[in-house]
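> I'll drop the sequence and a predicted model, then ask my questions.
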Amino acid sequence: MTEATQKPDVPENIVLVGFMGSGKSTVGRLLARRLRFRFLDTDKLVEERAHLRISEIFEKHGEADFRGRETAALTSLCGIRQHIIATGGGIVTVPENIPLLRSLGLVVLLTAEPDEIYRRVSRNSERPLLQVEDPRRRVLDLMASRLPSYEAAAHFRLDSTRLQHVDVTEKIVEEAHRFFHWPQSMRA
Ligand code: S3P
């Protein structure tokens, strides 16, 4: 992860990456409201374009097909500004997605301790990658194998384990001020 210093050509968007259950969608919606930006979710874009739920895409076409659709959705976002973009937890597993993510704006990695992640994701049985005999082991293995890619994508990392979503949101707003060199008057 590099210093969170904005390159002059990076548009004003905030991209949230992180494992399933790290809070990307909830925090993303709060951030959008707070900054008066629009909210987008790459999982939703894929579902809308495919007219299928993610679980159905995995079932009918497999993970590689889903990854192709996810990269296509990400590529289609090139040129947008003033958006908060929540991404699917595996978006960083496709190497070409990493420069695409970074070209969209400030990339924030949301993390949480594995037990907390497991607690959050086990409330929802829809996630296809966790439909295995030992989902806890799967969470631990996937988290460990993906960490280097999350770190390569992100400008800034934030652990949400013991934080409320609103506090996570405020910390990201502060970081965005530094990254985009926003004036103090935008803080309210
Ligand atoms: C995935 C995470 C999911 C979704 C798909 C695959 C992953 O998104 O993209 O089920 O590989 O970690 P969330 O992180 O929003 O659950």
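In hand now; what should we look at?
> what's the following helix or strand after the helix or strand of the chain with the lowest mean pLDDT?
Within the chain, no helix or strand scores below helix 114-121, which has a mean of 90 by mean pLDDT, DSSP states H and E. Once the chain leaves helix 114-121, the next helix or strand it forms, by DSSP states H and E, is helix 135-153.
> Let me see the residues that make contact with that following helix.
1, 17-20, 89-90, 92-93, 95, 97-98, 101-102, 107, 109, 111, 114, 117-118, 121-122, 129-130, 132, 157 (C-beta atoms under 8 Å, 6 or more residues apart in numbering). The C-beta positions use only the backbone N, C-alpha and C, and glycine is treated the same way.
> again, only using 7 Å
The contact list for helix 135-153 (C-beta atoms under 7 Å, 6 or more residues apart in numbering) reads 1, 17-19, 92-93, 98, 101-102, 107, 109, 114, 117-118, 121-122, 129-130, 132.
> Could you pick out the residues of the chain near the ligand for me?
Contacts of the chain with the ligand, taken as C-beta under 6 Å from any ligand atom, map to 20, 43, 54, 88-90, 127-129.
> For those, work out which two are farthest apart.
Greatest spatial distance among the residues of the chain next to the ligand (C-beta to C-beta): 43 and 129, at 12.6 Å.
> related to what we said a few turns ago, which among the contacts of helix 135-153 count as buried?
Neighbour counting by 16 or more other C-beta atoms under 10 Å classes 17-19, 92-93, 98, 101-102, 107, 109, 117-118, 121, 129-130 among the contacts of helix 135-153 as buried.
> Tell me the one of those nearest the ligand?
residue 129 (5.1 Å; C-beta to the nearest ligand atom).
> who touches that closest one in this structure?
Contact analysis of residue 129 by C-beta under 7 Å, 6+ apart lists residue 138.
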